[in-house]
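A.B. asks: Let me see the structure of the following:
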Amino acid sequence: MISGCSAEAQLLGQPARPKPLPEGIELAFNHRETSRYRSPISGQWRQGDDLEAFVLASIRAARREILVAVQELSLPQVAEALAARHREGLTVKVVLENTYSTPWSQEHPADLVPHQRTRHEQLKALGWGDAVAILQRAGVPVIDDTADGSAGSGLMHHKFMVVDRAVVVTGSANFTPSCIHGDPGAERSRGNVNHLLRLRSHELAGAFAAEFERMWGDGPGGLTDSRFGLGKGGGGPQQLMVGATPVTLVFAPHRRSDPHQGLRLLEELLSSSRKHLDMALFVLSEQRLADAMAHLQEQGVTIRLLADPGFANRAFSEVLDLLGTQLPDHRCGLEAANRPWQRPLDGVGTPRLASGDKLHHKVAVIDHRTVITGSFNWSPSAAHQNDETLLVFDSPLLAAHFTAEIDRLWKGAELGITERLARKQERQRNRCGSGVQRR
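C.D. replies: Down below sits the predicted model:
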C-alpha cells in the first residue's frame, strides 16, 4: 500500500528516509534508533552510530596534519590510528586535560580519587591497552593544561579534532569507552548520550586550529608559552560559514565582566525564542538562563527541557527552579538568588537511561532553526574557568536532526518531580527542615 502519490511517498512499514543535512555537515548520535553497530565491548549488536568509527574515518582520511584537543582519550584504536599517521610523517599533536594525561597503566589505584579509581579499574578490566601510553611510545607529542606553568585551567574540556585545516570533528563526546560505547562490565550500558559533528570548512577549521595553537604554544619541553583558561583569552564570537550554513563560534573561558562570555550569548539566544525551545542538557546551573526561560514561559513559548538525571536533582541545579521547588545542599543551605517558578514547567524531565549512563548533550534547538551545541555545559564553570567550545548553527535542516534526537529522549522520560527527587527532598527535609537561604 502506498501512502501517497508524491515523490516523498514510501512503503508503509519501511524505515523513514534519512533527513537531509546541510552541505558540509555530517552528524552521528551514539543512541540513534535507526542505525546499529556491533559494540566492541560486548560484541553484541546495539542501536546507535559508532562514534569511534566516525573519529577513525577522519584520522585515516588525513593527508598532512591532525590536531586533537579532548578532555580524555582512552580509546586505544584511536591512539593507534594517530600513532600510525605520526609514523607516516603527518603532523600529529594532542592536548589533554591534566587529570587524564598520565597513562592509566602507570597510576596506582591507591593514589586516585574514587572517580579516577573506578575509571582505572574499568580500563584495566577492559584489557584494550593504554591509549596515552601508545601515543607516548610512538613519540606523538602530547601536552596538557599545565603546560602554561599553572596547575591547570578549571578543565581542558574541549572535544575537537582538526584535520588538514579543512575538517573539524567536534561535539559532546570525549574519546572514551564510557562516552561512546558503554561502561565496561555493565551489560545494559550504552554509553553516555552523545553526538559528534564532522564539519567541512577551511574557515571554521582555521578558527579551531588557531584555538589549538594558543593552547599548544611551542609544544612539550619548550617555553611556558602555552595558554589555557583565562590566560588564553576567549575572544569574541566569530561569524563563520560551513557551506551555506552560518555558524557562530565562541571559545571559553571569559571573565565575568566580559560581554563576549558564553552565558550572555546563551541568554540572548534563549530570549530570541518565539514559539519553541527544546533542550537536552548535561548541566543547567546558571540562574540567568532559568530566569530567561521563565520570561519565555510568560510569553507562551513552548519549552521542553531534558536534563541528566544525576545533575538535575542537585541543590545547585536550575532544573529545580523550573519544577517550582528547592533542595537544601549537604550543609542545609539553599542556593542564593534562587527563584522557583510559581507556575512549574510541565515540559521538564529526565530521560530513562541505563544505570551509569549520562545525558551528556549540551544542546538546544530554538524555533526549529537555531542549534546550540559544543562542549560548553550551561554553567558558570564552563563560561569562566574551562577551555570550551560553543557553537551556534542557523539551519532548519540541522535543527530537524537534533529535534528528532530530543523527541527520542522524550519518549518514556520521567516528567515533573520524579520519585528519585521526592525521596531526596524527604531525606533533606527530615535533616534540614526548610533549609537556610544563602546570601
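A.B. asks: Not counting sequence-adjacent ones, nearest residue to Leu249?
C.D. replies: Nearest residue to Leu249 in three dimensions, chain neighbours excluded: Gln238, at 4.5 Å (CB to CB, 6 or more residues apart in numbering). (Each C-beta comes from the backbone N, C-alpha and C, glycine too.)
A.B. asks: Pretty sure His384 is one of the things Leu155 touches, is it not?
C.D. replies: No: at 11.7 Å, Leu155 does not count as touching His384 under the criterion of CB atoms under 8 Å.
A.B. asks: And the contacts of the strand or helix carrying Leu56?
C.D. replies: Here Leu56 sits within helix 51-61, counting by DSSP states H and E. Residues outside helix 51-61 that contact it (CB atoms under 8 Å, 6 or more residues apart in numbering) are 26, 28, 30, 37, 40, 66, 75, 77-78, 81-82, 85, 161, 163, 167, 169, 173, 175, 179-181, 194-196, 198.
A.B. asks: Tell me the secondary structure at Ala69.
C.D. replies: Classification of Ala69 using DSSP: H, G, I helix; E, B strand; the rest coil returns strand.
A.B. asks: residue contacts, it?
C.D. replies: Counted by CB under 8 Å, 6+ apart, Ala69 has contacts 94-95, 156, 158-161, 211-212, 215, 387.
A.B. asks: I'd like the distance between the residue nearest to Leu249 and Ser201.
C.D. replies: Gln238 is 12 Å from Ser201, where distance means CB to CB, to the nearest Å.
A.B. asks: And those two? Which one has more around it.
C.D. replies: Neighbour totals were compared for Gln238 and Ser201, and Ser201 leads with 21 against 16 (other CB atoms under 10 Å).
A.B. asks: where does that one fall, phi/psi-wise?
C.D. replies: phi -160, psi 120 (degrees, to the nearest 10).
A.B. asks: How many residues are close by the nearest residue to it once chain neighbours are set aside?
C.D. replies: Once flanking residues are discounted, Ser201 sits nearest to Val242: 4.3 Å by CB to CB, 6+ apart. Applying other CB under 10 Å, we find 23 residues neighbouring Val242.
A.B. asks: residues touching Val242, list them.
C.D. replies: Contacts of Val242 by CB under 8 Å, 6+ apart are 22-25, 199-201, 204, 393.
A.B. asks: now it: how far from His260?
C.D. replies: 21 Å.
A.B. asks: how many neighbours does Ala62 have?
C.D. replies: Residues near Ala62, counting by other CB under 10 Å: 21.
A.B. asks: Same check on Arg343?
C.D. replies: 9.
A.B. asks: that older thread, what sits against the residue nearest to Leu249?
C.D. replies: 207, 248-250.
A.B. asks: so can I have CSV of these showing secondary structure, distance to Asp144 and neighbour count?
C.D. replies: Listed next are the contacts of Gln238 as CSV, based on DSSP: H, G, I helix; E, B strand; the rest coil; distance: CB to CB, whole Å; neighbours: other CB atoms under 10 Å:
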residue, secondary structure, distance to Asp144, neighbour count
Ala207, helix, 22, 19
Thr248, strand, 28, 17
Leu249, strand, 23, 20
Val250, strand, 23, 24
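A.B. asks: Angles on the backbone of the most centrally placed residue in the chain, please.
C.D. replies: A centroid search over the chain (CA atoms, centre = their mean) returns Ser172, at 2.5 Å, as the residue closest to the centre. Dihedral pair for Ser172: phi -100, psi -10, per degrees, to the nearest 10.
A.B. asks: Would you mind confirming that it is in contact with Thr373?
C.D. replies: Yes: between Ser172 and Thr373 there is a contact under CB under 8 Å: 7.1 Å.
A.B. asks: Mind listing the shared neighbours of the two?
C.D. replies: By CB under 8 Å, 6+ apart, the residues touching both Ser172 and Thr373 are 195, 361-363.
A.B. asks: For the residues you listed, which single residue is the most surrounded?
C.D. replies: Busiest of those [other CB under 10 Å] is Lys362, holding 28 neighbours.
A.B. asks: For that residue, report the pLDDT, please.
C.D. replies: As predicted, Lys362 sits at a pLDDT of 98.
A.B. asks: Surely it and Leu281 touch.
C.D. replies: Yes: between Lys362 and Leu281 a contact is recorded at 6.2 Å, counting by CB under 8 Å.
A.B. asks: Now do the domain split for this structure, please.
C.D. replies: Listed by automatic domain parsing, the domain ranges of the chain are 21-229, 233-439.
A.B. asks: Could I get the full set of helices for the protein?
C.D. replies: Using DSSP state H, the helices of the chain run over 51-61, 76-87, 114-126, 131-138, 177-180, 202-216, 262-271, 287-298, 309-312, 319-322, 380-384, 396-410, 419-432.
A.B. asks: Could you export the ones you listed as JSON lines, including mean pLDDT?
C.D. replies: Formatted as JSON lines, these follow (pLDDT from 0 to 100):
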{"stretch": "helix 51-61", "mean pLDDT": "98"}
{"stretch": "helix 76-87", "mean pLDDT": "98"}
{"stretch": "helix 114-126", "mean pLDDT": "92"}
{"stretch": "helix 131-138", "mean pLDDT": "98"}
{"stretch": "helix 177-180", "mean pLDDT": "96"}
{"stretch": "helix 202-216", "mean pLDDT": "98"}
{"stretch": "helix 262-271", "mean pLDDT": "98"}
{"stretch": "helix 287-298", "mean pLDDT": "97"}
{"stretch": "helix 309-312", "mean pLDDT": "92"}
{"stretch": "helix 319-322", "mean pLDDT": "95"}
{"stretch": "helix 380-384", "mean pLDDT": "97"}
{"stretch": "helix 396-410", "mean pLDDT": "98"}
{"stretch": "helix 419-432", "mean pLDDT": "90"}
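A.B. asks: any chance of these in a markdown table, plus distance to Leu230?
C.D. replies: Shown next, in a markdown table, are those (distance: least, CB to CB, whole Å):
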| stretch | distance to Leu230 |
| --- | --- |
| helix 51-61 | 30 |
| helix 76-87 | 29 |
| helix 114-126 | 25 |
| helix 131-138 | 27 |
| helix 177-180 | 27 |
| helix 202-216 | 12 |
| helix 262-271 | 13 |
| helix 287-298 | 20 |
| helix 309-312 | 25 |
| helix 319-322 | 28 |
| helix 380-384 | 8 |
| helix 396-410 | 31 |
| helix 419-432 | 35 |
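A.B. asks: For Asp145, find the nearest of these.
C.D. replies: Nearest to Asp145, of all the helices of the chain, is helix 202-216, at 7.5 Å by CB to CB.
A.B. asks: Show me the contact partners of the closest one.
C.D. replies: 67, 69, 93, 95, 143, 145, 147, 156, 158, 160, 162-168, 170, 199, 226-228, 232-233, 238, 240-242, 247, 249, 251, 387, 389.
A.B. asks: when you check the residues you listed against the strands, which ones overlap?
C.D. replies: 67, 69, 93, 95, 143, 160, 162-163, 167-168, 170, 199, 238, 240-242, 247, 249, 251, 389 (DSSP state E).
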